[in-house]
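**Student:** Would you be able to build a 3D model of this:
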Amino acid sequence: MEARSGYRGDDWTPERLLFHQNLETFAERVGLIVGLQGNGKISQEEAYAQIKKIWKALRQSKDHLIDGH
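**Tutor:** This is a model prediction of the structure:
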């Protein structure tokens, strides 16, 4: 796993920083899932299901942290 990068937007808030970290985690996990699928450890269907699940969690994070819902 790589070190996390900083958030450098003009609209910096603690919530945006947390969402940025969640976004990086999502990207790392997608990479791992794709690697597992590419090496035959999981099926394409399982990879899709896992990515869909973590996408939903990321979207909920955005709704809660950025959009305030």
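
**Student:** From the chain's centroid, how far away is the strand or helix carrying Gln21?
**Tutor:** Using DSSP states H and E, Gln21 maps to helix 14-38. Distance of helix 14-38 from its chain centroid, counting by Cα atoms, centre = their mean, to the nearest Å, is 3 Å.

**Student:** following that helix, which helix or strand shows up next?
**Tutor:** Next element after helix 14-38 (DSSP H and E): helix 44-65.

**Student:** Look up phi and psi at the residue of the chain most remote from its centre.
**Tutor:** Going by Cα atoms, centre = their mean, the residue of the chain most distant from its centre is Gly40, 22.5 Å out. Dihedral pair for Gly40: phi 80, psi 10, per degrees, to the nearest 10.

**Student:** low pLDDT regions in the protein?
**Tutor:** Along the chain, the model assigns pLDDT under 70 to residues 1-8, 69.

**Student:** Pick out the residue nearest the middle of it.
**Tutor:** Centroid-nearest residue in the chain: Phe26, 1.6 Å away (criterion: Cα atoms, centre = their mean).

**Student:** Now that residue: closest residue in space, sequence neighbours ignored.
**Tutor:** Among residues not flanking Phe26 along the chain, Leu58 sits closest, at 4.7 Å (Cβ to Cβ, 6 or more residues apart in numbering). Backbone N, C-alpha and C define where each C-beta goes, glycine included.

**Student:** Gln37 now?
**Tutor:** Using Cβ to Cβ, 6+ apart and skipping the chain neighbours, the partner closest in space to Gln37 is Ala47 (3.9 Å).

**Student:** Tell me how many other residues crowd the closest residue to Val34 other than its chain neighbours.
**Tutor:** Leaving aside its chain neighbours, Val34 sits nearest to Ala47 (6.7 Å; criterion: Cβ to Cβ, 6+ apart). If you count neighbours by other Cβ atoms under 10 Å, Ala47 ends up with 18.
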